[in-house]
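Colleague: please find the sequence and the predicted model below.
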Amino acid sequence: MIHKKWIIADADKEKASEISEKFNIDPFVAFLLVSRGISDELAVSDFLSSSVKLSDPFALADMDKAVERIEQAVDFSEKITIYGDYDCDGVTSTALLYSFLKNMGADVDYYIPSRESEGYGLNNSAVKALAENGTKLIVTVDNGVSAFEEAEYIYSLGMQLIITDHHQMSDKLPKAEAVVNPHREDNDACFKDLAGVGVALKLACAVYGDTDYVLEQYSDFAAIGTIADMVPLIGENRCLAKAGINMINSGEKPGIKALKAVCGYGEKNISSSEISFSLCPRINATGRIKNAAESVEILLCGNYEDAVLKAEKLDLNNSNRREIENEILEDVKIKISENPLIALNRVIVVSGNNYNQGVVGIVASHILEIFGKPVIIIGVDDNGNARGSARSVDGFNIYNAVSACSDLLIHFGGHPKAAGLSLDAGNIDLFRQKINEYAVNQYPVMPVQCIKLDFKLSPFYLDLELAENLEILEPYGECNKKAVFALVGLNILNIIPMGEGKHIRIECEKKGKKLRIVKFRTSADEFPFVRGDKIDAAVKISINPYNGKNYLSVQAVDIRKNGIDDDKYFSEKSDYELFSLNMNNSESVFPNREICSLVYKTIRKNSQRKMTREDLYFFLSGITYGQMMFSLDAFEECGLISEENGIIKLVDVKNKVDLMNSNVMKY
């Protein structure tokens, strides 16, 4: 994986001390709250409170109109169709509002478009089918705020429309009986970051007239959708997540109980993290590769045996999704290895034939993790239509970058860290060129991938009591991440393979204090460090129950050589990439014979290590990133080294090699 910049949070220590004393909480917990902007007494009290506080749903503009029209439809037995979306937020929103209205006695059904054949949101073909099926009122959830043309078509067919959505909106509203969206400027509600399912729940509260009852019945749906959509897990979202997690763990709904079982949790209580990494992907997977209506069905299922069968199907869909995702990921990696200049660009753009549109966004996220840059993955169908998904790092607004290329695009949309787009396949190369020109012009220094650490901590403070005290911050999610601590200057005592060699346990020591750190998804053959090395580790801690007793678990988020200069690394890497793309002429990126010799000697000296190019850089002294990269390219051309899965290996060469005659050194 790419090297990431470490950023350690800062906070008013005096304020944190006051909060610790006032609320009788651990000083580290108080520091975390202050560093995350939760510093006044009311905010701290609300954050720590176990009660669920939701604002008046009628503070949302048009809520009264939406309630009146729905009550009319129920009273006169007009057919209502809930029009949802295929992601987890849309699925849970659909299940919530459908189930609520069904229990109210409404004549209601639901419709979710196909991601592959229909795409996101309302479409005229589906609208026409609903009209032919007798629908009189369409209520959208998690979509609709930009459906201007489709709204007019709905009314032309004699139907009416209520929109509930949470996406950013323009000044203009589509034609509708009501448009309920927390981002409307004429709202009186203070909290604007609800997920689509949160808006749907607010509508149910307004119709029923009792928030407590709706939470008792549907907070589990609200929690899953809210956690899945990665909206800030603060304020009302935190309240919904807390209530919903309790409901999920009570095992009241057969469908959710079956999903827990198929994920291997059984009767065990699960956290927001486990919901995010286990339940949500299975609900999402069906919408990615099939029809998301199957996911709605399991949430609505009233029989546990039936729910188990449906859950197993969703689990199989998730496995199939992973296979499709891995196939595309490998294809993208091959394309980049065959044309390394793609990865030297500031924005990586890769296209391929018939990439499944349901997973290209996930693949983009994986490539971003590998290269640490904004990524756009585009699938091209047999008719030359190209659709893609973009993912970005903090600080690089991918929506603005895509928007700057709008003259080449058919459709586009998104937000700062993710976007979607479509274009003619013949314009992909021009699009790649234009978006990278934008990146160079608008970002003289490119933002880089960062790991945000809460503070440096001595290993002596890492104990079970701290892990227990941190549980007060649950549930974790966006804007309330699990605490990450920096441990610096640890001496490696031993490295032990775990889990059939897929993971490792690193035994460390500092000033006599020993600890064990688990590094998941890293084998001993991939780990660049050996016994005796001094490292820095970014870690999370948790409680690991075993045989009726609790133990401290320490998991590595990142491990690096002790004392790294991040700014130097990223500056030199940028110089090298710009030089390779003919965008600067800095001679400092190119090596001479002496530098090549030093690089080679360092590889030979550390031949027992499993090092990538990124790892090697931090074992070199006085050599720039560019000098190292060109030296390695020359070694590879001359057969002095080979690289397998990114790991550098020396090659036994019998004959003398004249490195300076290589094509690389004649650059």
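Modeller: Everything's here; your move. Computed from a predicted model, the values in this text were never measured in an experiment.

Colleague: now do the helices in the stretch 501-650 of the chain.
Modeller: 566-580, 593-605, 613-617, 625-637 (DSSP state H, counting those that start in this stretch).

Colleague: which one of the ones you listed is the most hemmed in?
Modeller: Mean neighbour count (mean count of other Cβ atoms under 10 Å) peaks for helix 625-637 among the helices of the stretch 501-650 of the chain, with a mean of 23. For the C-beta atoms, the positions are set from N, CA and C on the backbone; glycine is no exception.

Colleague: helices or strands next to that helix in the packing?
Modeller: Helices and strands touching helix 625-637, by 3 or more Cβ pairs under 8 Å, 6 or more residues apart in numbering; DSSP states H and E, are helix 566-580, helix 593-605, helix 613-617, strand 641-644.

Colleague: now the ones you listed in CSV, with mean pLDDT and distance to Ile517?
Modeller: Below are the helices and strands packed on helix 625-637 laid out as CSV (pLDDT from 0 to 100; distance: least, Cβ to Cβ, whole Å):
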stretch, mean pLDDT, distance to Ile517
helix 566-580, 92, 21
helix 593-605, 94, 26
helix 613-617, 95, 18
strand 641-644, 92, 27
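
Colleague: now do Ala418, the pLDDT please.
Modeller: For Ala418, the model assigns a pLDDT of 88.

Colleague: torsion angles phi and psi at it?
Modeller: phi -150, psi 150 (degrees, to the nearest 10).

Colleague: assumed Gly388 was part of a helix.
Modeller: No: assessed with DSSP: H, G, I helix; E, B strand; the rest coil, Gly388 is strand; it does not lie in a helix.

Colleague: excluding its backbone neighbours, what's nearest it?
Modeller: Nearest residue to Gly388, sequence neighbours excluded (Cβ to Cβ, 6 or more residues apart in numbering): Ile378, at 3.4 Å.

Colleague: mind listing the residues bridging to that neighbour?
Modeller: Ile378 has these beta-bridge partners by DSSP bridges: Ser351, Gly388.

Colleague: now it: how far from Lys65?
Modeller: Distance, Ile378 to Lys65, by Cβ to Cβ, to the nearest Å: 41 Å.

Colleague: who has more neighbours, those two?
Modeller: Between Ile378 and Lys65, counted using other Cβ atoms under 10 Å, the more crowded position is Ile378 (24 against 15).

Colleague: was I right about the more buried one contacting Asn354?
Modeller: No: contact criterion Cβ atoms under 8 Å: Ile378 and Asn354 do not qualify, at 11.4 Å.

Colleague: about what we covered before: with distance to Lys202 added, can I get the helices and strands packed on helix 625-637 in a markdown table?
Modeller: Listed next are these as a markdown table, based on distance: least, Cβ to Cβ, whole Å:
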| stretch | distance to Lys202 |
| --- | --- |
| helix 566-580 | 44 |
| helix 593-605 | 61 |
| helix 613-617 | 47 |
| strand 641-644 | 55 |
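
Colleague: for Asn124, find the nearest of those.
Modeller: helix 566-580 (45.5 Å; Cβ to Cβ).

Colleague: angle of the closest one against helix 625-637?
Modeller: With axes from the mean of the first three to the mean of the last three Cα atoms, to 10 degrees as the basis, helix 566-580 and helix 625-637 are set at 60 degrees to each other.

Colleague: which of the residues in the helix ranked longest in the chain are buried?
Modeller: If you go by DSSP state H, the chain has its longest helix at helix 304-338. Residues of helix 304-338 classed as buried by neighbour count (16 or more other Cβ atoms under 10 Å): 307-308, 310-311, 313-315, 317-318, 321, 324-325, 328-329, 331-333, 336.

Colleague: other SSEs contacting that helix?
Modeller: Against helix 304-338 (3+ Cβ pairs under 8 Å, 6+ apart) you get helix 254-262, helix 280-289, helix 293-300, helix 341-344, strand 348-353, helix 360-371.

Colleague: so which other helices or strands are in contact with the third one?
Modeller: Which is helix 293-300. Using 3+ Cβ pairs under 8 Å, 6+ apart: helix 293-300 touches helix 88-103, helix 254-262, helix 280-289, helix 304-338.

Colleague: got TSV for those helices, with mean pLDDT and distance to Thr624 too?
Modeller: Converted to TSV, the helices and strands packed on helix 293-300 look like this (pLDDT from 0 to 100; distance: least, Cβ to Cβ, whole Å):
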stretch	mean pLDDT	distance to Thr624
helix 88-103	97	45
helix 254-262	95	51
helix 280-289	90	41
helix 304-338	94	23
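
Colleague: how about those helices, which one is nearest Val554?
Modeller: Nearest to Val554 among the helices and strands packed on helix 293-300 is helix 280-289; the distance by Cβ to Cβ comes to 25.6 Å.

Colleague: what's the closest one in contact with?
Modeller: The contact list for helix 280-289 (Cβ atoms under 8 Å, 6 or more residues apart in numbering) reads 86-88, 90-92, 112, 115, 224, 227-228, 259, 262-263, 292, 294-295, 299, 311, 314-315, 317-318, 320-321, 324, 356, 358-359.

Colleague: 6 Å instead, please
Modeller: Helix 280-289 has contacts (Cβ atoms under 6 Å, 6 or more residues apart in numbering) with 86-88, 91, 115, 228, 292, 294-295, 314-315, 317-318, 320-321, 358-359.

Colleague: shaky segments in the stretch 401-550 of the chain?
Modeller: Along the stretch 401-550 of the chain, segments meeting pLDDT under 70 are nowhere present.

Colleague: where do the strands sit along it?
Modeller: All strands of the stretch 401-550 of the chain, identified by DSSP state E, counting those that start in this stretch, fall at 411-415, 418-424, 450-453, 455-456, 485-498, 503-510, 513-519, 534-546, 549-561.

Colleague: quick one, which of these is nearest to Gly255?
Modeller: So among the strands of the stretch 401-550 of the chain, strand 534-546 is nearest, using Cβ to Cβ, at 26.8 Å.

Colleague: neighbouring strands - and their directions - for the closest one?
Modeller: strand 485-498 (antiparallel), strand 549-561 (antiparallel).

Colleague: give me the distance from the longest one to the chain's centre.
Modeller: Here the centre of strand 485-498 is set off from its chain's centre by 27 Å, with Cα atoms, centre = their mean, to the nearest Å.

Colleague: kindly report the same for the shortest one.
Modeller: Using Cα atoms, centre = their mean, the distance from the centre of strand 549-561 to the centre of the chain it belongs to is 21 Å.

Colleague: beta partners for the residue nearest to Lys481 when sequence neighbours are not counted?
Modeller: Of all residues not flanking Lys481 in the chain, Lys452 sits nearest, at 7.5 Å (Cβ to Cβ, 6+ apart). In this entry, Lys452 is beta-bridged to Ile7, by DSSP bridges.

Colleague: gap between Lys452 and Ala364?
Modeller: Taken as Cβ to Cβ, the span from Lys452 to Ala364 is 21 Å.

Colleague: who has more neighbours out of these two?
Modeller: Neighbour count, other Cβ under 10 Å: between Lys452 and Ala364, Ala364 has more, with 28 against 15.
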